[in-house]
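Chemist: Here's my sequence, what's the structure:
(2 chains)
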Protein chains: 2
Amino acid sequence: MEKIIVATTGAASLIALLFALLKAKKVLKFDEGNDLMKKISQSVRKGANAYLSRQYRIVIVFFAVIFVILGAMAIMKLLTPYVPFAFLTGGFFSGLSGFIGMKIATASNARTANACREGLNKGLRIAFSAGSVMGFTVVGLGLLDITLWVFLLKFVFKLPDSEVTGAMLTFGMGASSMALFARVGGGIFTKAADVGADLVGKVEAGIPEDDPRNPAVIADNVGDNVGDVAGMGADLYESYVGSVISSCALGVSAYKSFGAMALPLCIAAIGVLCSIVGTFLVKTKEKATQKELLGALSRGTNFSAILIAVVSLPLVYFILGKDNWQLYFAILSGLISGVLIGQSTEYYTSDSYKPTKKLAETSQTGSATIIINGLSVGMLSTLIPIIIVSVCVLVSYFVSGGASSSAHGLYGIALAAVGMLSTLGITLATDAYGPVADNAGGIAEMAGLGEEVRERTDALDSLGNTTAATGKGFAIGSAALTALALMASYIDKVKLLPGGSEKISNLNINNPTVLIGLFIGACLPFVFAALTMNSVGRAAQSVVMEVRRQFKEITGLMEGKADADYAKCVDLCTKSSLHEMVLPTVVAIIVPVAVGIVLGCSGVVGMLAGATATGFLMAVFMSNSGGAWDNAKKYIESGHFGGKGSESHKAAVVGDTVGDPFKDTSGPSINILIKLLSMVSIVFAALVVKFSILG
Amino acid sequence: MEKIIVATTGAASLIALLFALLKAKKVLKFDEGNDLMKKISQSVRKGANAYLSRQYRIVIVFFAVIFVILGAMAIMKLLTPYVPFAFLTGGFFSGLSGFIGMKIATASNARTANACREGLNKGLRIAFSAGSVMGFTVVGLGLLDITLWVFLLKFVFKLPDSEVTGAMLTFGMGASSMALFARVGGGIFTKAADVGADLVGKVEAGIPEDDPRNPAVIADNVGDNVGDVAGMGADLYESYVGSVISSCALGVSAYKSFGAMALPLCIAAIGVLCSIVGTFLVKTKEKATQKELLGALSRGTNFSAILIAVVSLPLVYFILGKDNWQLYFAILSGLISGVLIGQSTEYYTSDSYKPTKKLAETSQTGSATIIINGLSVGMLSTLIPIIIVSVCVLVSYFVSGGASSSAHGLYGIALAAVGMLSTLGITLATDAYGPVADNAGGIAEMAGLGEEVRERTDALDSLGNTTAATGKGFAIGSAALTALALMASYIDKVKLLPGGSEKISNLNINNPTVLIGLFIGACLPFVFAALTMNSVGRAAQSVVMEVRRQFKEITGLMEGKADADYAKCVDLCTKSSLHEMVLPTVVAIIVPVAVGIVLGCSGVVGMLAGATATGFLMAVFMSNSGGAWDNAKKYIESGHFGGKGSESHKAAVVGDTVGDPFKDTSGPSINILIKLLSMVSIVFAALVVKFSILG
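Modeler: All right, here's what the predicted structure looks like:
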């Protein structure tokens, strides 16, 4: 029975990877277009490859250092010997997810642009297929990694379940570290290039976006791939794996049975299969309108979600038995909450609704008012998601029997996160297709494919903004739930350590070590956001200088008679973003250990709670402010309040520029931060219990 | 003995009030200058009077409603019968503090301007005397209110100490409600007028600040008085009283002795006397430099602080005995922390240091980069204050015996807040003098007193910015400590209620009701900041429209041949700010009760912890971002990066405009919010215990 479950999830993971492979083959059959398009696409590919290979080289050093530290701790018997290796595989698979996503995205951009010459629908199909490769690679690799480790630890080394989940949490730390590097590094790259290109090209030189005369234009396109694609891939791999393994761990501690540990794996496996079925519904007639296109995508995701909801009920009943089938509602509440948070995100950031329309209106009184209003839209938009998450936590806790046993209730919260992410295969596919469409637009512009093609790629791109909003809802909501589950896992872990129980006996919120941990944890997302925004600012500054230099020194560039030195800008972005990504990540690793050593385990728990609360708020705030500014600008560009080139538009561009690091660097990184803090705390728990000073 | 202590504090409060009276008489002896100055000053006075009287009329309705509700609860035996009356006196004295501050400030502005015609030093003395009136009125009234109630409840009605402190906490709620109205209403008024005047006058019409042709110029000056003076007076009255009464309450619960309850009163009384002594040191030679002026002010505050530190030691020893004299270090750590937070504020916001200089530099690449950088300066600046507060909490908790009894430790935290605010008389004097100098500058400009006079008022104003930074440090730091103390008082209060103990037995941070309370509490400052910023935006928008209308419709206005309709702008600001101030305050009252009814007492505790943590962070972030933008603008105006009128300057003005509601409306209001939430929770505790649904 146990082996059958593991074999099934293994099979599901391989099906996902096979499906991704088939989709990739399909995409690669299409033509890349004319020579110029091939050349541009090649440059982007080369830049992205160069960036990632240099990024991985830095990351490898980091992983080697942590590996040695974990190895030393294993020798000191503070960790089991599997832990350092688990850490490495988590990092490896997370990086691989991003890498494959980047590969397929850079291979699809020119193909999508070329397909758009024939029609909107063909373009959508290629871009969505590319997104699917990414989506199913992420879930396939995630599930594979988990299955392999369960198989190895449980059936080969025959460890007890609690040690199996303990080691698995470590590969979560590997995945999170890799994800943070990828998100922060990629996020800085993409925004530095974007801001740099816009500030000099659009504002100073007055040339359109994606104009081939702009020296930063290739860097901008490379940025989409290394930030929005590779960064997002690593990020969601981490979310997915984190939610599954934390619920496995809590399941073992609540039920002491393999069934409770297997349930999250099975839900994930079912999610993969249902998502694949959903992708087949994403097709539309030729000449479809924007709304019909969105309908096609929604049909796929909604069908998958409903299918999962239906299939999970008998599954839960079968695995946990008739006394515990109510846990189904925890999964269901997660699934529903994810959708609702996505809708709330859409409400606050889409120009179909009041907040963004009003925001666009405030651009009429200048950039100061649009900034003030955009900030307040983002801050206000935290209320609904926090209520949704709160209700989800309460429901999943109490239906799982939290009233009589908190361990059971916490398992319920973790299951809600798994439920929320069970549709990841297809939601990520609709999400990851956005950057491909964005890049296709860039190529269409640079290759001079004409108004009509550009309009089509713009339509695809704008659709991508909507699906990205939904995707962000899932990423943020699941991060909060997973972080709560990991916090519970941490408490469990400490209790099992020798001398740990007494160290963690007073988790009262008015215990000063808990309170101070809370204060420090709550402060971390602010500091982290500041560091990453500063990094973008510094990197962008250097791009601005370089672009200005090229405009000045390369004669004939503005007239289109000489080529810009694209590679120089790519190289500059690469160097500065890699340089800038190290500090934030190192902070995220060191702080939990330092807090633990000084304040003890109760301080760590306080820190995790504080970081989760403000991290969630800051992520929602920054993502939604950024999204609202972006769409307010687009709303004005579509002809409102004076349209392109008006004073309103200039004010809106300022808003959008402020929003860029908000929504694409700092906001998404915070999601990873809050989980990484928990993972690090768990891995170093034994050290903290042994050496803590206070409490 | 007990009566002697009460008589002494009563005497100290009367001395403070007498001192304020003498200072006021001294100020009023000076001349208001020429007729034009008198006329301008009269207009400002009239506008401020009109605003406050209308504000109080609205507030009276609110107080009447709450009074009836509290009365009903008293009849239902959910409260003692003194509570509704205590609530009223808190509100009354808080309002009175603001009112007196406003009266003296509006009486001193023309006098300060006139004195500046003779010399800088004379101007400083008048402005500082006006500030002293405000400072000592606030502490005098605060101490008087507390003393009266102790006398009444303890010696006339002969209630046990725990009931005495219980009723006193209620007048804290009255004071906090009044303070929130004053801060939010005044804050919206001042920033709507300021932003409106700047956007149309400076940016569109291109006339200087405080130019008499600008129709919003009187409204702008009225705003300084109703926001920065009356709002601050009510605010700090609330902080002061809140810190003293919460430590009285915790003292009674920890030591069950009158001594522990009397200690905070005695420290406050000593603080008043030492502050008076300090004011005598604030004098300087004629022709003093800016630095010497600042030195004169610092000498006064530092001397007072050291005097308090010296005198408190024997006092603590005398009152608490030789077993508990270590509590002295709690007071001392509060005193020191307040100074350190002020210095950190100064570092991040003064243009003498790197952050603001760097910020000014980023204005060269436009408004987007100065906004991004200003936000990140503010976010980063949360780190040091949070560490200072954390260390202060730890020190004061453990020196007070928190390791063996948490009640004793919590009393220590409350004492730290009292220690921090013990110098309030003189720090508030140096703080409140700022708006007087600011107004004097306005009058000098409008009355055309010439470059030299304006330069002197500018020097005073700029000095005021530095002292305001220190003042903000005290306000924010003490708010966090007081909020923690009030949270502890809440827990105490619930435990004493019938059936309360079991309702609050599980305050574990991973109890889902605590966690969700934490999430909701953490969200409140974001929502509150958004609401108040939106209010400023809306109110400013209406001022912009009105000013534009006047420039268009009043012929000869731009040429200085016709008078602007100043009263119309004042009236507009009054109406819109009073309209806008209601919602945020009502939210702050309803949410704690609603959270309590749904989640129970443990949810309330979570909410308070969450709101305190993010409230502190948001207040520091918003105040410091705003301060840094303001001073970056001034730095550029002083001739750097192109100086006045350059592109850099325009970008910096955008930053400053965004910063206005940050630092003068939302940021300071959040300080009050976090205490009001606790006060409301305490007053409605019995209701919540009786009717709560979950937990």
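Chemist: Distance from the chain centre to stretch A:370-380, please.
Modeler: The chain centre lies 23 Å from the centre of stretch A:370-380; the measure is Cα atoms, centre = their mean, to the nearest Å.
Chemist: That one vs chain B: in contact?
Modeler: Yes: counting by Cβ under 8 Å from any Cβ of the partner chain, chain B has neighbours in stretch A:370-380: A:371-373, A:375-380. Any C-beta I mention is one placed from the backbone N, CA and C, and that applies to glycine too.
Chemist: so who does whichever residue of the stretch 51-200 of chain A sits closest to chain B touch?
Modeler: Nearest to chain B in the stretch 51-200 of chain A, going by Cβ to the nearest Cβ, is A:Leu199, at a distance of 6.4 Å. A:Leu199 makes contacts with A:540, A:544, A:657, B:365-366, B:368-369, as judged by Cβ atoms under 8 Å, 6 or more residues apart in numbering or on different chains.
Chemist: so which of those would you say is closest to B:Ser275?
Modeler: Distance to B:Ser275 across those (Cβ to Cβ) is lowest for B:Thr369, with 43.3 Å.
Chemist: With neighbour count as added columns, please give the residues of stretch A:370-380 next to chain B in a markdown table.
Modeler: Below are these laid out as a markdown table (neighbours: other Cβ atoms under 10 Å in any protein chain shown):
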| residue | neighbour count |
| --- | --- |
| A:Ile371 | 27 |
| A:Ile372 | 26 |
| A:Asn373 | 28 |
| A:Leu375 | 30 |
| A:Ser376 | 27 |
| A:Val377 | 26 |
| A:Gly378 | 30 |
| A:Met379 | 28 |
| A:Leu380 | 22 |
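Chemist: Can you name the two of those residues that sit furthest apart?
Modeler: Across these, no pair lies farther apart than A:Ile371 and A:Leu380, at 14.9 Å, counting by Cβ to Cβ.
Chemist: hmm, back to that, tell me the secondary structure at the residue of the stretch 51-200 of chain A closest to chain B.
Modeler: Put simply, A:Leu199 is helix when judged by DSSP: H, G, I helix; E, B strand; the rest coil.
Chemist: Return the per-residue confidence for it.
Modeler: If you check A:Leu199, the pLDDT there is 79.
Chemist: returning to what we had before: helices - which of the residues of stretch A:370-380 next to chain B land there?
Modeler: With DSSP state H as the criterion, helices contain A:371-373, A:375-380 from among the residues of stretch A:370-380 next to chain B.
Chemist: Can you tell me which of the residues you listed comes closest to A:Val598?
Modeler: Nearest to A:Val598 among those: A:Met379, at 31.8 Å, using Cβ to Cβ.
Chemist: how far is stretch A:630-646 from where the chain is centred?
Modeler: Here stretch A:630-646 is found 29 Å from its chain centre; the criterion is Cα atoms, centre = their mean.
Chemist: Over to stretch A:367-383?
Modeler: Counting by Cα atoms, centre = their mean, stretch A:367-383 is centred 23 Å from the centre of its parent chain.
Chemist: Can you report the mean pLDDT over the residues of it?
Modeler: Rounded mean pLDDT across stretch A:367-383 is 95.
Chemist: next one: stretch A:239-253
Modeler: Per-region confidence: stretch A:239-253 scores 93 on mean pLDDT.
Chemist: any bit of it sitting next to chain B?
Modeler: No: residues of stretch A:239-253 are not located near chain B by Cβ under 8 Å from any Cβ, the shortest gap being 11.4 Å.
Chemist: Buried ones in that stretch, by neighbour count?
Modeler: By neighbour count on 16 or more other Cβ atoms under 10 Å in any protein chain shown, the buried set for stretch A:239-253 is A:239-253.
Chemist: just to revisit the earlier point, switch the residues of stretch A:370-380 next to chain B over to JSON lines; also include distance to B:Glu163.
Modeler: Shown next, in JSON lines, are the residues of stretch A:370-380 next to chain B (distance: Cβ to Cβ, whole Å):
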{"residue": "A:Ile371", "distance to B:Glu163": "51"}
{"residue": "A:Ile372", "distance to B:Glu163": "47"}
{"residue": "A:Asn373", "distance to B:Glu163": "48"}
{"residue": "A:Leu375", "distance to B:Glu163": "45"}
{"residue": "A:Ser376", "distance to B:Glu163": "43"}
{"residue": "A:Val377", "distance to B:Glu163": "47"}
{"residue": "A:Gly378", "distance to B:Glu163": "46"}
{"residue": "A:Met379", "distance to B:Glu163": "41"}
{"residue": "A:Leu380", "distance to B:Glu163": "41"}
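Chemist: okay, now the residue lying closest to A:Met622 once chain neighbours are set aside: neighbour count?
Modeler: Of all residues not flanking A:Met622 in the chain, A:Gly667 sits nearest, at 3.7 Å (Cβ to Cβ, 6 or more residues apart in numbering or on different chains). Counted with other Cβ atoms under 10 Å in any protein chain shown, residues neighbouring A:Gly667 total 30.
Chemist: Kindly report the same for A:Val582.
Modeler: So A:Val582, with other Cβ under 10 Å, has 17 neighbours.
Chemist: cool, and A:Ile693?
Modeler: A:Ile693 has 10 neighbouring residues, counting by other Cβ under 10 Å.
Chemist: what do you get for A:Gly639?
Modeler: By other Cβ under 10 Å, 9 other residues sit near A:Gly639.
Chemist: What about it? Give its phi and psi, please.
Modeler: Dihedral angles phi and psi of A:Gly639 (degrees, to the nearest 10) take the values phi 110, psi 0.
Chemist: Then A:Lys256?
Modeler: A:Lys256 adopts backbone torsions of phi 50, psi 30, taken as degrees, to the nearest 10.
Chemist: number of nearby residues for it?
Modeler: A:Lys256: 13 surrounding residues under other Cβ under 10 Å.
Chemist: How much space separates it from chain B?
Modeler: As judged by Cβ to the nearest Cβ, to the nearest Å, A:Lys256 and chain B stand 20 Å apart.
Chemist: How about that residue: what's its closest non-neighbour residue?
Modeler: Spatial nearest neighbour of A:Lys256, chain neighbours left out: A:Asp161 (7.7 Å); criterion: Cβ to Cβ, 6+ apart.
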